[in-house]
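K.L.:
need a 3D model of the sequence below.
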Amino acid sequence: MWSFSGSLAPEPVTSRLDLVAPPVAAAIPAVADPERIGVAAIDDSLADTAAFCAHYGVEPGDSANCVIVKGRRGDVVRYAACVVLATTRADVNGLVRRRLDARSASFAPMEEAVSLTGMEYGGITPIGLPADWPILVDAAVAASPGVVVGAGIRGAKIFLPGAVLSALPGAEVVEGLGR
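P.N.:
Numbering: from 1, shown residues only. Presented below is the predicted three-dimensional model:
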């Protein structure tokens with residue numbers, strides 16, 4: 001069902017909620033088309049994108065990164081998740097900063113991202129994030145027939161079509177988010 005490059009054989013996430021972080025498991029039932037989401041266990045020491053792709057034979061263009069951005073304007077702090085192909089970087093200081101109506105924007109510190117998401121660093125995924133956070137999905141990710149993203153833990157990856165990501169509550173497709 002999940003046609004991806006690489007050596008992993010995903011299973012339906014609905015039958016393997018043990019392979020995702022608790023906030024992800026709690027959010028799966030509310031996702032449109034959860035049967036289109038697969039999950040596979042991986043070696044947690046290989047969760048970082050480059051190591052994961054090299055070891056499991058996944059093309060970097062089939063992998064997406066979810067990064068948490070923190071924007072600040074005065075005393076107001078806003079967060080967003082940005083989902084971009086692994087071959088690109090999120091335009092944090094341009095598009096994301098403007099979308100958050102922030103004077104400054106940067107990647108959220110690791111401890112803060114982990115604490116606020118309930119997920120492991122290196123495995124943060126757009127599924128199961130706080131409901132008030134926008135999820136900015138690069139148009140290339142949204143158009144992809146399939147991408148690999150984190151599962152909320154370092155020991156697994158989720159496989160799904162970009163259309164499922166762009167249909168998440170709070171998701172917004174952004175042209176040019178990934179550069």
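K.L.:
dump the residue contacts of the residue of the chain most remote from its centre.
P.N.:
Ranked by distance from the centre of the chain (CA atoms, centre = their mean), the top residue is Gly74, with 28.0 Å. The neighbours of Gly74, taking CB atoms under 8 Å, 6 or more residues apart in numbering as the test, are Arg103. Glycine gets a C-beta too; all of them are placed from N, C-alpha and C.
K.L.:
per-residue confidence for it?
P.N.:
The model reports Gly74 with a pLDDT of 96.
K.L.:
do Val141 as well
P.N.:
Confidence at Val141, expressed as pLDDT, is 97.
K.L.:
report the secondary structure state of it.
P.N.:
Secondary structure, DSSP: H, G, I helix; E, B strand; the rest coil: Val141 is helix.
K.L.:
is it correct that it is in contact with Val174?
P.N.:
No: applying CB atoms under 8 Å as the test, Val141 and Val174 come out as separate, 9.7 Å apart.
K.L.:
comparing these two, which residue is more hemmed in?
P.N.:
Neighbour count, other CB atoms under 10 Å: between Val141 and Val174, Val141 has more, with 28 against 23.
K.L.:
so what's the backbone phi/psi at Leu160?
P.N.:
Backbone torsions for Leu160, taken as degrees, to the nearest 10, come to phi -160, psi 160.
K.L.:
thanks a lot, catch you later.
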